[in-house]
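S.K.: need coordinates for the following:
(2 chains)
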Amino acid sequence: MQIRYFAWVRERVGREAETLEVPAAVTTVSGLIDWLAERDESYASAFAERDTIRVALDHEHVEHDAPLAGAREAAFFPPMTGG
Amino acid sequence: MTGQAPLSPQTTPKPDQERDPALPPVVVRIQAEDFDPAAEIEKLVAGKANIGAVVTFTGLCRDEAGRLAALELEHYPGMAEEEIGRIAQEACRRWPLDGILAIHRHGRIAPGGNIVLVVAASRHRRAAFEAAEFLMDYLKTRAPFWKKEHLKSGGAGEWVDARESDNADADRWTR
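M.R.: Numbering: from 1, shown residues only, chains lettered A, B, ... in the order given. Sure thing, here's the model as predicted:
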């Protein structure tokens, strides 16, 4: 799965994007956050403010309880501040 | 959990998919370059003689009382176009529009520079005013852009925090 990070989530993780083999047991956005946060301290720090993190699957906003359901790309980012 | 205003009770189609041919043209551009509001209005209304109202909103970079050297706008390429497109399509379903346009810049923008342009054209003013405001309110809370401050005193400052009032602005369209 392609994983992308933006703004301060990107800075804390220390990378913009990566391709990861997500275990089959990880089936929801929330599960994916748990799995990523366990990778190392950078990820743990990026996902520490868990409820603040917004998520998109294949370019569409989803809630944390959304199923991954074969999505090709997941993106994690703070609340948006454009406009 | 996220406090984000839902765009629509239904799932909204991606731009250019399952689009009702009766809906007006939607123009969405994400670009580093500046834009010219007058030229964009002219293009949007060209050849359409039944437009009675054009409402334009331009968002500019503030210097925050002299504190900022620039804003750096990061975006999610692909999703930024698609999400603004979905909001514009929803505006077309809600109001009788003859054209709607959104341009959002990314990269480094100095105080006084343009950040975003929204233009809504309709036969009557109410639809044009409301559609432009609707598009801006949702764009603020749903379009994947993030602002980082660059300070005059040197160096990168903080990421701009999202404002609760922006969520409230978007929420009022769901009432």
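S.K.: mind listing the strands for chain A?
M.R.: A:2-5, A:17-19, A:54-57, A:60-62, A:73-77 (DSSP state E).
S.K.: try chain B
M.R.: Going by DSSP E, chain B shows strands at B:26-31, B:53-60, B:68-75, B:97-105, B:107-109, B:114-122, B:145-151, B:156-159.
S.K.: buried residues, the second one. List them.
M.R.: Neighbour-count burial for strand B:53-60, with 16 or more other Cβ atoms under 10 Å in any protein chain shown as criterion, is recorded at B:54-57, B:59. Any C-beta I mention is one placed from the backbone N, CA and C, and that applies to glycine too.
S.K.: from the residues you listed, which is closest to chain A?
M.R.: B:G59 (5.5 Å; Cβ to the nearest Cβ).
S.K.: quick check: nearest residue in space to that closest one, chain neighbours excluded?
M.R.: B:V116 (4.0 Å; Cβ to Cβ, 6 or more residues apart in numbering or on different chains).
S.K.: okay, now the unreliable bits of the chain?
M.R.: Went with chain A since none was named. Across chain A, not a single residue meets the criterion (pLDDT under 70).
S.K.: I was thinking of chain B, sorry if that wasn't clear
M.R.: Looking at chain B by pLDDT under 70, you get B:1-21.
S.K.: who's the residue in it positioned nearest to chain A bridged to?
M.R.: Here the residue of chain B nearest chain A is B:F145; by Cβ to the nearest Cβ that distance is 2.6 Å. Beta-bridge partners recorded for B:F145 (DSSP bridges): B:H75.
S.K.: swap in B:V119?
M.R.: Beta-bridge partners recorded for B:V119 (DSSP bridges): B:T56, B:L101.
S.K.: touching, it and B:A39? I think so.
M.R.: No: with contact defined as Cβ atoms under 8 Å, B:V119 does not count as touching B:A39 (10.9 Å).
S.K.: the more surrounded of these two?
M.R.: Ranked by neighbour count (other Cβ atoms under 10 Å in any protein chain shown), B:V119 and B:A39 place B:V119 first, with 25 against 9.
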